[in-house]
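Just a sequence and a predicted model for now, questions to come.
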6 protein chains.
Amino acid sequence: MYSVTVRDHMMIAHSFRGEVFGPAQRLHGATYVVDVEFRRSELDADNIVVDIGRATDVLRQALAALNFRNLDEVPEFAGRNTTTEFLAHALYTRLAAAIRRGDLGAAALGITHIRVTLHESHVASASFDGRLSDTA
Amino acid sequence: MYSVTVRDHMMIAHSFRGEVFGPAQRLHGATYVVDVEFRRSELDADNIVVDIGRATDVLRQALAALNFRNLDEVPEFAGRNTTTEFLAHALYTRLAAAIRRGDLGAAALGITHIRVTLHESHVASASFDGRLSDTA
Amino acid sequence: MYSVTVRDHMMIAHSFRGEVFGPAQRLHGATYVVDVEFRRSELDADNIVVDIGRATDVLRQALAALNFRNLDEVPEFAGRNTTTEFLAHALYTRLAAAIRRGDLGAAALGITHIRVTLHESHVASASFDGRLSDTA
Amino acid sequence: MYSVTVRDHMMIAHSFRGEVFGPAQRLHGATYVVDVEFRRSELDADNIVVDIGRATDVLRQALAALNFRNLDEVPEFAGRNTTTEFLAHALYTRLAAAIRRGDLGAAALGITHIRVTLHESHVASASFDGRLSDTA
Amino acid sequence: MYSVTVRDHMMIAHSFRGEVFGPAQRLHGATYVVDVEFRRSELDADNIVVDIGRATDVLRQALAALNFRNLDEVPEFAGRNTTTEFLAHALYTRLAAAIRRGDLGAAALGITHIRVTLHESHVASASFDGRLSDTA
Amino acid sequence: MYSVTVRDHMMIAHSFRGEVFGPAQRLHGATYVVDVEFRRSELDADNIVVDIGRATDVLRQALAALNFRNLDEVPEFAGRNTTTEFLAHALYTRLAAAIRRGDLGAAALGITHIRVTLHESHVASASFDGRLSDTA
C-alpha cells in the first residue's frame, strides 16, 4: 500500500457540553495541525498517489470553511460537540467528497483510503481513518 | 476507525543480556517518550474516543510504576530483556487492564485497539499494537 | 551561560482588532505550546539552573489563569490585542514575579534571564526574552 | 503486532516528466528523512523485533547507493519518475531483499512487514507498506 | 526583545567544490526547511512584531527565486559554494532588503534583527543572524 | 553571526544526590538528544562554519566516552550531580578542546562560540553556551 501525506492547520474557537470535558466546557480554542494521508495499492501513470500540490490546495479549501471561526456558530455542527475526533471525521467527509467530485484529478479516483489526523497540542491528537467506498 | 493519542514519558535504567546488544549490555538508561493510541469504530455519546484527561492520567499511572527505576531490579521483569518493544507490550497490558477495570469510564469499554509506541531517541522507536479482545 | 527549558501548553479563544489581522478579527482560537527557558551564568549548589519539576509546576500555574478561556473576557487584557508576542510577554511577567516571590526556591534567585516562546502552529511562533533585573 | 522503526536520510537531485509536476519538472533536489518500520507478530529470543544497530546499518547501506546522486542518471531508474512514493517502494524492495539474504540476522527472518516513509519536507511525506511474503 | 518566527521550505539541486565536501561534490540536492525569526525591542501599535501573514508571503517570494532550481546555474551564485550557511545569509540579505523596501509594511521598519535558519535534515542545520542596521 | 548545528544522542544511567531531585535520587537513566551549535562571524574559504561531517564525527567521539555508561561510575564525575545542564557543560569543554587540538581542521579555529543543548524528553532540555576564548 502506498501513501502520501500533506500537512496544514486551522485555528478555531469552540466549547463542549458534558461534564467529562471539565474546563473545556468554557469557550476556548485550538490550533489543529492537520495531516491527511491518502492511500492506494498502485501508483498512477505519473508514479504518484496524488499530486501533492493539488492535495495541499484541496486540504486548504476544506479547512477554509472552518478556519478562524467559532465552531459553536457553524450551522452544520449545531448541537454537536466538535471534538478533535469529530472534526477529523468531518474533514474526512469533505475530502472524500472532493475526490469523488474529481477535485484531485481523474487519477486520484484510485485512492481507496484517507486518514485525517488533527494534532491539538504536542501531547494529544485524534484521527479518523476510512475506506472511500464505504462513504460513496 | 477513530483514534485518540496521548503522550508522556519515563526515564529508566537497565542493561541487556545477549551479544546482539553490544555496549547496551552495560548498565545504561533511556528516556522513553510514550505515545498511546486508543482506537474504536464509533464515537461515544460525548463524541469522543476516550476522555483525553483521563487517558493522560491512566498513562501517567502506568508509567509511575517504572519511572525513575532501574528495571534490572523490577521483580516482574526478572530474567527478561526490557527492550523498547518488550516495554511497549508491558505498557499495553497495563493499559488494557485499566480499560477493563473501568479506569477510563464505562464509555471507554468501546475501545477495541491500543497501540503503544516508545520513542527511545530521535532516530529509533518501537511499538506494540493489539486488539483488546485478544487479551481479555 | 546555562539554560533549562520546560514545555507545556494552553488552549484559548480570542479575536483581534485591526485590519492587519484579516480573518483573525473574528472570534477564533489557538493552542499555544509554550517553552520557557531560564538562564544564568553559574549553576547552583545542586548543579542545576532550576528544579525542572518546580519550573514545570510554576509554568502550569501561570498558564492555568488563561487556559480554556476566551481572552477577550479577561479583564487585565481589556482593549489589548492578545497576540502571540503579547502573550509571551504576559507570561514572562508572571514567571519573573514568581521567581522574585521565591516560588522556584531561593537558589532560583540566581536566574538572570527568561525567554518565553509560544508556538501557535507548526509554522509560526513568537517569543519574549528579557533580563530579570530590568523588571524588578 | 510489534514494530521497530529506525531513521536516516539522503540528499538527492532529480527532475520529473509530466505537466502535473509543474516547476518540479526542472532539475531540483530533496532531503528525504527516511523512517523504516519493521513489523512481526512475536519477538525473537532476545526480546527484539530486529537489532536496531544492524537495522540502522542496513538502512544506511540501502541509502548509500542513492545518497548525493542525481537520480536522473541512475540506470535502474531510467525513464521513471523518481517520486517520493516510488522511492519509498524502491527502498522497500532493497530492504526486503536484505532481510531475505540474512543481512539482519537469522532471527530477522521473522519480520513479516516493512513500512518505508520518506519525509520530503515538514509538510509532505510518502510511504510504501508491504508484506514480505508478497515480494519473495 | 520580542520575536516572531515563520517557516516555509524550498527544494534545490547543487554541487560543491572542495575536497572537504567529499561525496557532496557530486550533483545532489536538499530540502531546506527555513525558519525566519524577526526581532525588535518593542511591539508596534497592533501589538505585533510583524504581520505573520505578510511575513509568510515575503518569505515565500524570497524562496521562489531559488525553489525547484539547480543552484549551480543561478548566475548570482556563480563560482560560490551554495552551502547551507551561505544560503542562510543570501536569504537574510533578501529579507532585509524587503523590509527596507516596505514590503512588510511601515510598522515593520522597527525590526532590528533577523535570524534565518535552514534545516537540511533532522540532524543538521545552519543559520545567519544579523542586525539590520549593519546591512543598510 | 553564522552557525551550524549537528545532532546525535547518548543513553546513560545515573542518580542524583539532594532532596530537590525527588525520585530522581534513585538510579534511573536518560536518552539525551544532543544539539551542538558552532558559531563564527565569518565563513571560511569553503563557505562553511565547519565541515558537518567532521563536526558529526567529533560529536560522536565526545559522546562515546559516556554513551551506554552508568555516570555514577565515571571517575571524573565522582561526587558531582550529572544533571543535564552539567553534562551540557562537560560536552562543551570536550568540544572546545577538540577544536583547539585541530580535530575539526585548521579552518575551524575561526569558531568563536559553541552552544551544547541536551534534550532529555519532549518537554525538557538544558544547554551551555560559551565563548571559546574564555576557556582557552
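Ah, there it is. Residues are numbered from 1 along each chain as shown, chains lettered A, B, ... in the order given.

what residues does chain A put near chain F?
Those residues of chain A that sit near chain F, judged by C-beta under 8 Å from any C-beta of the partner chain, are A:His122, A:Val123. Backbone N, C-alpha and C define where each C-beta goes, glycine included.

Any idea how many residues pack against the residue in chain A that chain F sits nearest to?
When distances are taken as C-beta to the nearest C-beta, chain A approaches chain F most closely through A:His122, which lies 6.5 Å from it. Burial of A:His122 is recorded as 18 neighbouring residues (other C-beta atoms under 10 Å in any protein chain shown).

ok, and the closest non-adjacent residue to it?
Sequence neighbours aside, C:Val33 is the residue nearest to A:His122 in space, at 5.0 Å (criterion: C-beta to C-beta, 6 or more residues apart in numbering or on different chains).

Around chain C, pick out the residues from chain A.
In this structure, chain A approaches chain C at residues A:7, A:9, A:11-14, A:23-24, A:26-33, A:67-70, A:120-123, judged by C-beta under 8 Å from any C-beta.

Try it again at 10 Å.
Where chain A comes near chain C, counting by C-beta under 10 Å from any C-beta of the partner chain, the residues are A:7-16, A:21-35, A:64, A:66-73, A:119-124.

before we move on, back to that, any idea how far the residue nearest to A:His122 is from C:Tyr92?
As defined by C-beta to C-beta, to the nearest Å, C:Val33 lies at a distance of 16 Å from C:Tyr92.

any idea where the helices of chain A begin and end?
Taking DSSP state H as the criterion, chain A contains helices spanning A:52-64, A:84-101.

Of these, which is nearest D:Gly105?
Smallest distance to D:Gly105 across those (C-beta to C-beta): 37.1 Å, for helix A:52-64.

tilt between that closest one and helix A:84-101?
Between the axis of helix A:52-64 and that of helix A:84-101 there is an angle of 130 degrees, by axes from the mean of the first three to the mean of the last three C-alpha atoms, to 10 degrees.

Just the CA trace of helix A:52-64, in CSV.
Taking Å, rounded to 0.1, in the frame of the first residue of the first chain, the C-alpha atoms of helix A:52-64 are listed here in CSV:
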residue,chain,number,x,y,z
ILE,A,52,0.9,16.9,-3.6
GLY,A,53,0.2,20.5,-4.8
ARG,A,54,-3.4,19.7,-5.6
ALA,A,55,-3.8,17.7,-2.4
THR,A,56,-2.5,20.7,-0.5
ASP,A,57,-4.9,23.0,-2.2
VAL,A,58,-7.9,20.7,-1.6
LEU,A,59,-6.9,20.5,2.1
ARG,A,60,-6.6,24.3,2.4
GLN,A,61,-10.1,24.7,0.9
ALA,A,62,-11.5,22.1,3.3
LEU,A,63,-10.0,23.9,6.2
ALA,A,64,-11.0,27.4,4.9
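
ok, is it in contact with chain E or not?
No. Counting by C-beta under 10 Å from any C-beta, chain E is not contacted by helix A:52-64; separation bottoms out at 11.2 Å.

Could you list the buried residues of that helix?
Of the residues in helix A:52-64, A:Ile52, A:Arg54, A:Ala55, A:Thr56, A:Asp57, A:Val58, A:Leu59, A:Ala62, A:Leu63 count as buried by neighbour count, 16 or more other C-beta atoms under 10 Å in any protein chain shown.

Was I right to think A:Thr84 contacts B:Val50?
No. Taking contacts as C-beta atoms under 10 Å, A:Thr84 lies outside contact range of B:Val50: 11.4 Å.

more neighbours, these two?
When A:Thr84 and B:Val50 are compared on other C-beta under 10 Å, the one with more neighbours turns out to be B:Val50, at 30 against 24.

Tell me how far that one lies from A:Val123.
Counting by C-beta to C-beta, the gap from B:Val50 to A:Val123 is 14 Å.

same question, A:Asn81
Shown here: A:Asn81 relative to A:Val123, a distance of 20 Å by C-beta to C-beta.

Could you do A:Arg39 as well?
If you measure A:Arg39 against A:Val123 using C-beta to C-beta, the figure is 27 Å.

What's the end-to-end length of stretch A:61-72?
Start and end residues of stretch A:61-72 are separated by 20 Å (C-alpha to C-alpha, to the nearest Å).

Just the CA trace of stretch A:8-21, in PDB.
Output in PDB follows, covering the C-alpha atoms of stretch A:8-21 (Å, rounded to 0.1, in the frame of the first residue of the first chain):
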ATOM      1  CA  ASP A   8      -1.800  22.300   7.100                       C
ATOM      2  CA  HIS A   9      -3.500  23.800  10.100                       C
ATOM      3  CA  MET A  10      -6.500  25.800  11.300                       C
ATOM      4  CA  MET A  11      -7.300  27.900  14.400                       C
ATOM      5  CA  ILE A  12     -10.800  27.700  15.800                       C
ATOM      6  CA  ALA A  13     -12.800  28.600  18.900                       C
ATOM      7  CA  HIS A  14     -15.500  26.200  20.400                       C
ATOM      8  CA  SER A  15     -16.900  24.900  23.700                       C
ATOM      9  CA  PHE A  16     -18.100  21.500  24.800                       C
ATOM     10  CA  ARG A  17     -21.200  20.200  26.600                       C
ATOM     11  CA  GLY A  18     -20.800  17.400  29.100                       C
ATOM     12  CA  GLU A  19     -19.200  17.000  32.500                       C
ATOM     13  CA  VAL A  20     -16.500  14.800  31.000                       C
ATOM     14  CA  PHE A  21     -15.000  17.900  29.400                       C
END
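
Any residue of that stretch touching chain B?
Yes. Against chain B, stretch A:8-21 shows contacts by C-beta under 10 Å from any C-beta at A:Phe16, A:Arg17, A:Gly18, A:Glu19, A:Val20, A:Phe21.

measure the fifth one to B:Asn47 for me?
According to C-beta to C-beta, A:Val20 stands 10 Å off from B:Asn47.

shared neighbours of those two, anything?
Common neighbours of A:Val20 and B:Asn47, counting by C-beta atoms under 10 Å, 6 or more residues apart in numbering or on different chains, are A:Asn81.

Run through the residues of chain A sitting next to chain D.
That would be A:1-9, A:33, A:35, A:37-40, A:43-56, A:59, A:105, A:107, which are the residues of chain A within reach of chain D (C-beta under 10 Å from any C-beta).

Mind checking which of these are buried?
When burial is judged by neighbour count using 16+ other C-beta under 10 Å, the buried members of the residues of chain A next to chain D are A:2-9, A:33, A:35, A:37-40, A:43-44, A:46-52, A:54-56, A:59, A:105, A:107.

Sort out for me which of those residues are in strands.
For those, membership in strands holds for A:2-9, A:33, A:35, A:37-40, with DSSP state E as the criterion.

Name the nearest residue to the residue positioned nearest the centre of chain A, sequence neighbours excluded.
Averaging the C-alpha coordinates of chain A gives a centre point, and the residue nearest to it by C-alpha atoms, centre = their mean is A:Leu91 (3.2 Å). Leaving aside its chain neighbours, A:Leu91 sits nearest to A:Val116 (4.8 Å; criterion: C-beta to C-beta, 6+ apart).

check contacts around that neighbour.
Under the criterion of C-beta under 10 Å, 6+ apart, the neighbours of A:Val116 are A:34-37, A:59, A:62, A:85, A:87-96, A:126-130.

same check, this time on A:Glu37
Applying C-beta under 10 Å, 6+ apart to A:Glu37 gives the contacts A:3-6, A:49, A:113-117, A:127, A:129, D:125-127.

same question, A:Arg7
The contact partners of A:Arg7, by C-beta under 10 Å, 6+ apart, come to A:33-36, A:56, A:59, A:117, A:119, C:122-123, D:121-125.

ok, these vs F:Arg101, which is closest?
Using C-beta to C-beta, D:His122 comes nearest to F:Arg101 of the contacts of A:Arg7, at 37.0 Å.
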